[in-house]
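# Sequence and predicted structure, then a few things I'm wondering about:
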Amino acid sequence: SKQRMGQTFVQGTRVPVTVVKAGPCLVTQVKHQEKDGYWAVQLGFGEKRTKHITKPMKGHLKGAAQGKTTTRFLREVRFKDEPEFKVCDVVKVSSVLKPGDVIAVTGTSKGKGFAGVVKRWGFAGGPRTHGQSDRLRAPGSIGQGTDPGRVRKGKKMAGRMGNERVTIKNLQVVSVDEEAGEVMVSGPVPGKKGDLLMVVKIASGSLSDLKQEEVQPQIQEGEPEEEGNESGEKPEAANEGEQKPEKEEKDNG
């Protein structure tokens, strides 16, 4: 689940990060090729009081229930071959991810409500002159004339914005906290605090692959300092031996 955002430094480079709570996860079911048609492992995450779930779900989580609490979320991860996990096994973050790994994060984006075309699709809007006071954020024409005589499917118009399933790829793991079960991910991820996320490892990598961000120098207000040359000395206005040539007289005498 998404926790918070912040920043960290990797080899002198400032990197924006998102802290994601990614474990521990409990194995609640193992699916088999012969019975279910594919290999998969069902993982449980979070906590929920057992008395607040339905009886069918209690029977499903009977082997994974821990006293008065059980898992809140259930998600399935597919495998190509038979997995080595068993029911009630605990999957820790450090056993799957390490710093530098390339991952993809899937979540539900924040809902923005009903939005116009300027905010939703980036339309430029109408002209702001010649008395068109009500055309600033209007969509404009939405189709042709008699042919085709309708609005084509997929036309970008005003409507509900956000609250969609979004996947951000090619993010990198900056650090892994095994005790807290938290992962620092480079960059932002979809959703708000507390939303459920799916983290999938794409490939192994190194932290040196992170894009470096140049730190802008601080400029102090006041009189500008004179620039120096490569040796650090201030450039002289003119050499001592050189003299400016005098203007030639118009009349020679």
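Done, it's in.

# OK, contacts around Lys112?
By CB atoms under 8 Å, 6 or more residues apart in numbering, Lys112 lies in contact with Lys119, Arg120, Met161, Gly162, Asn163. Any C-beta I mention is one placed from the backbone N, CA and C, and that applies to glycine too.

# could the residues you listed go into JSON lines alongside secondary structure, distance to Ile202 and pLDDT?
Formatted as JSON lines, these follow (DSSP: H, G, I helix; E, B strand; the rest coil; distance: CB to CB, whole Å; pLDDT from 0 to 100):
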{"residue": "Lys119", "secondary structure": "helix", "distance to Ile202": "32", "pLDDT": "96"}
{"residue": "Arg120", "secondary structure": "helix", "distance to Ile202": "30", "pLDDT": "96"}
{"residue": "Met161", "secondary structure": "strand", "distance to Ile202": "28", "pLDDT": "96"}
{"residue": "Gly162", "secondary structure": "strand", "distance to Ile202": "25", "pLDDT": "94"}
{"residue": "Asn163", "secondary structure": "coil", "distance to Ile202": "26", "pLDDT": "94"}
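
# nearest to Lys80, of these?
Among the contacts of Lys112, Asn163 lies closest to Lys80 (CB to CB), at 33.1 Å.

# rewinding a little: any idea which of the contacts of Lys112 is closest to Val87?
Val87 lies nearest to Asn163 out of the contacts of Lys112, by CB to CB, at 34.1 Å.

# for the closest residue to Thr167 other than its chain neighbours, helix, strand, or coil?
With CB to CB, 6 or more residues apart in numbering as the criterion, Thr167 has its nearest non-adjacent residue at 4.4 Å, and that residue is Thr106. In three-state terms, and counting by DSSP: H, G, I helix; E, B strand; the rest coil, Thr106 is strand.

# can you offset everything so residue one is 14?
Yes, from this point I'll number from 14; that puts the last item at Thr119.

# partners of Thr119 in the sheet?
Beta-bridge pairing of Thr119 under DSSP bridges involves Thr180, Met211.

# Correct me if wrong: it contacts Leu209.
No: here Thr119 does not reach Leu209: they are 9.5 Å apart, not a contact under CB atoms under 8 Å.

# mind listing the helices for the stretch 14-163 of the chain?
With DSSP state H, counting those that start in this stretch as the criterion, the stretch 14-163 of the chain has helices at 46-49, 68-73, 130-134.

# closest one to Gly218 among those helices?
Evaluated over those, closeness to Gly218 peaks at helix 46-49, with 31.4 Å, by CB to CB.

# And the contacts of that closest one?
Applying CB under 8 Å, 6+ apart, the external contacts of helix 46-49 come out as Trp52, Glu95.

# What number of residues are in the vicinity of His65?
Neighbours of His65 under the rule other CB atoms under 10 Å: 10.
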